[in-house]
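Novice: The following comprises the amino acid sequence and a computationally predicted model.
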Amino acid sequence: MHRKCSKLVSIVLAAAVALSLAGCVSVPDYSLSSTGDSNAVPTAPSTSQTAYVRSSFDINKNPYFAMLSETEMNAYSLIYEGLIAGNSEIECPIRLESEQLAKAMDAVLNDHPEIFWIDNNYSYSYDPEDGSIKEITFTFYDFADTPEKFQAAKAEFESAAASIIANASGYSTLVERELYIHDYICENTVYDESAPYHQSAYSALVLHRSVCAGYARSFQYLMQKAGVYCYYVTGSTDKPVNVSDDNGSHSWNMVLINGEFYNVDCLWDDTASESYGSPIYPFFNIPDSEMVNHKRIQMALGLPSCTATEYRYSNQFGPTIEADNIVFADE
C-alpha cells in the first residue's frame, strides 16, 4: 500500500512507502490470551480529539489492533467501517496525523484479509491551518470500481471460500482441517509475481495466481472462517530465490491451536514441494526456532512467540523433510 500524492480538498500529504513496511519499528508488547474478555482493549494513552465511538474488536482475532494507541484504534475502526461498507472515500472526524494513519492502515489490512478490494495506493487531504487529516481516499481494484462489479466480486470470493470450508469441515480434527486448507492453497495456486491483485486473498482464491501475500491472506481468511485464530505475519528473508517477493520481503502465518502458537508458510511449503517433486511440509506448524531464513519486521515483532511442536506435520501425519534440512538453490 502506498500513500500517493493526489490533490483533494486543500493540501495533500503523501509518502510512497510500502504499507507492509509502514508503522513503528518498536511496538507495545501486548499479551494475547485465548481466554477471558475477548473484547477488552489494552490500556493506551488518551488523547484529546473529536468525539468518536469506535467499533469493538476482538484483540485475540485482531492482534494488530491491540498494538495501537487510543487515537490509532479510533482510526483503525474508522477505516474498517468505511472499507467494509465499500466506501472509497472516508471523512475523518478525529484528529489524526499521517504516521498514525499509516500504522492504523497497516493494522487493518493485516487483521482483515476479507478486505481484498484495495489497490496499492491511498491518499489523504489535510487542513493547512491545524494539520489534521480531513479525508482519506482509497483506490479499489478494477473489479470493484462499480457497486455491481464490487458485489459480484464479493460473491465470487465468498463462494470460493465457502466451498473450501465445507470440504474442510468433513475432517474430524482442527489440524486435519488446517492441513486441508493448506494443501488446497498450495495445490491450486501458482506463484506469479505478475499476477493481478497479488497482494490480496482474491488473487489466490479466485484467480489461483499470487505471491506470498496472497498465499498468506487466503490462508488467514480461510482459517478465520474455520473458527481458528490465524495471523498475517510480515517479514523478510535472506533467501529470496524463488520463495519470496522482491527485495527479500515475505509474509506467512501464525495459528493458535489448543492454546499454543505455530508458524505456517504455505508458499515455502508449495515451493519446496515443487522442488522436491512431491508434497513436503517443512513449514507446517513449526516454532520460531525452526523458521530458517525468516525474520519478523515492523508490527509483526509484537505478535506472540511460537514455541510449540505438538502439531507440527511430522508429529501428526508422519515423516517429512524438516525446515533445517531444506537446501536452497544458492547454497
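Specialist: Arrived safely, thanks for sending. Numbering: from 1, shown residues only.

Novice: I would like the residues contacting the lengthiest helix in the chain, please.
Specialist: With DSSP state H setting the assignment, residue counts place helix 147-168 as the longest helix in the chain. Residues from elsewhere that reach helix 147-168 (C-beta atoms under 8 Å, 6 or more residues apart in numbering): 86, 116-117, 140, 142-144, 177, 180-181, 184, 201-202, 205-206, 221-222, 225-226. C-beta here means a position set from N, CA and C on the backbone, and glycine is covered the same way.

Novice: Following the chain past the helix or strand of the chain with the lowest mean pLDDT, name the next helix or strand.
Specialist: Every helix and strand in the chain was compared by mean pLDDT, DSSP states H and E; the lowest is strand 11-12, with a mean of 30. Once the chain leaves strand 11-12, the next helix or strand it forms, by DSSP states H and E, is helix 70-84.

Novice: Which strands and helices lie in contact with the helix or strand that that following helix is followed by?
Specialist: Downstream of helix 70-84, the first helix or strand assigned by DSSP H and E is strand 89-91. Packing partners of strand 89-91 (3 or more C-beta pairs under 8 Å, 6 or more residues apart in numbering; DSSP states H and E): helix 70-84, strand 133-140.

Novice: contact partners of the last one?
Specialist: Residues external to strand 133-140 that are found in contact with it (C-beta under 8 Å, 6+ apart): 4, 6, 8-10, 79, 82-83, 88-92, 96-98, 101, 117-127, 150.

Novice: now swap in the longest one and tell me
Specialist: Outside of helix 70-84, the residues that reach it under the criterion C-beta under 8 Å, 6+ apart are 41, 44-47, 49, 52, 54-55, 57, 65, 68, 89-90, 92-96, 100-101, 103-105, 107-108, 112, 114-115, 118, 136, 138.

Novice: filter these to the buried ones?
Specialist: Neighbour-count burial (16 or more other C-beta atoms under 10 Å) is assigned, among the contacts of helix 70-84, to 41, 44, 54, 57, 65, 68, 90, 92, 94-96, 100-101, 103-105, 107-108, 112, 114-115, 118, 136, 138.

Novice: so what's residue 123 bridging to?
Specialist: Beta bridges link residue 123 to residue 137 when assigned by DSSP bridges.

Novice: can you check the one 10 residues further on too?
Specialist: For residue 133, the residues forming beta bridges with it (DSSP bridges) are residue 126.

Novice: Count the residues that sit near it.
Specialist: Residue crowding around residue 133 was assessed by other C-beta atoms under 10 Å; the count is 22.

Novice: Same question for residue 70.
Specialist: The local packing of residue 70 (other C-beta under 10 Å) involves 16 other residues.

Novice: go on, residue 213?
Specialist: Residue crowding around residue 213 was assessed by other C-beta under 10 Å; the count is 24.

Novice: go on, the one 10 residues further on?
Specialist: A count of neighbours around residue 223, defined by other C-beta under 10 Å, yields 25.

Novice: same check, this time on residue 254
Specialist: Applying other C-beta under 10 Å, we find 23 residues neighbouring residue 254.

Novice: tell me the contacts of the nearest residue to it once chain neighbours are set aside?
Specialist: Spatially, and ignoring its direct neighbours in sequence, residue 254 is nearest to residue 231 (4.4 Å; C-beta to C-beta, 6 or more residues apart in numbering). For residue 231, the contact set (C-beta under 8 Å, 6+ apart) comprises 63, 110, 220, 253-255, 303.

Novice: quick one: which helix or strand includes residue 231?
Specialist: strand 230-237.

Novice: Also residue 255?
Specialist: Here residue 255 is covered by strand 249-257, with elements defined by DSSP H and E.

Novice: pLDDT (mean, whole number) over the helix or strand following that strand?
Specialist: In the C-terminal direction, the helix or strand that comes right after strand 249-257 (DSSP H and E) is strand 260-264. On average, the pLDDT along strand 260-264 is 98.

Novice: so what strands line up beside strand 260-264?
Specialist: Strand pairing for strand 260-264, using DSSP bridges, gives strand 249-257 (antiparallel), strand 284-286 (antiparallel).

Novice: Output the first one as PDB, nothing but the C-alphas.
Specialist: By that I understand strand 249-257. Presented in PDB, the C-alpha positions along strand 249-257 are these (Å, rounded to 0.1, in the frame of the first residue of the first chain):
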ATOM      1  CA  SER A 249      10.200  -9.200   1.600                       C
ATOM      2  CA  HIS A 250       8.000 -12.100   2.700                       C
ATOM      3  CA  SER A 251       4.800 -12.900   4.600                       C
ATOM      4  CA  TRP A 252       3.500 -16.000   6.300                       C
ATOM      5  CA  ASN A 253       1.000 -17.000   9.100                       C
ATOM      6  CA  MET A 254       0.700 -17.900  12.700                       C
ATOM      7  CA  VAL A 255      -2.100 -20.200  14.000                       C
ATOM      8  CA  LEU A 256      -3.400 -20.800  17.500                       C
ATOM      9  CA  ILE A 257      -4.100 -24.500  18.200                       C
END
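
Novice: Next, format the helices and strands packed on strand 89-91 as CSV and append distance to residue 323 and mean pLDDT.
Specialist: Listed next are those as CSV, based on distance: least, C-beta to C-beta, whole Å; pLDDT from 0 to 100:
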stretch, distance to residue 323, mean pLDDT
helix 70-84, 34, 97
strand 133-140, 37, 94
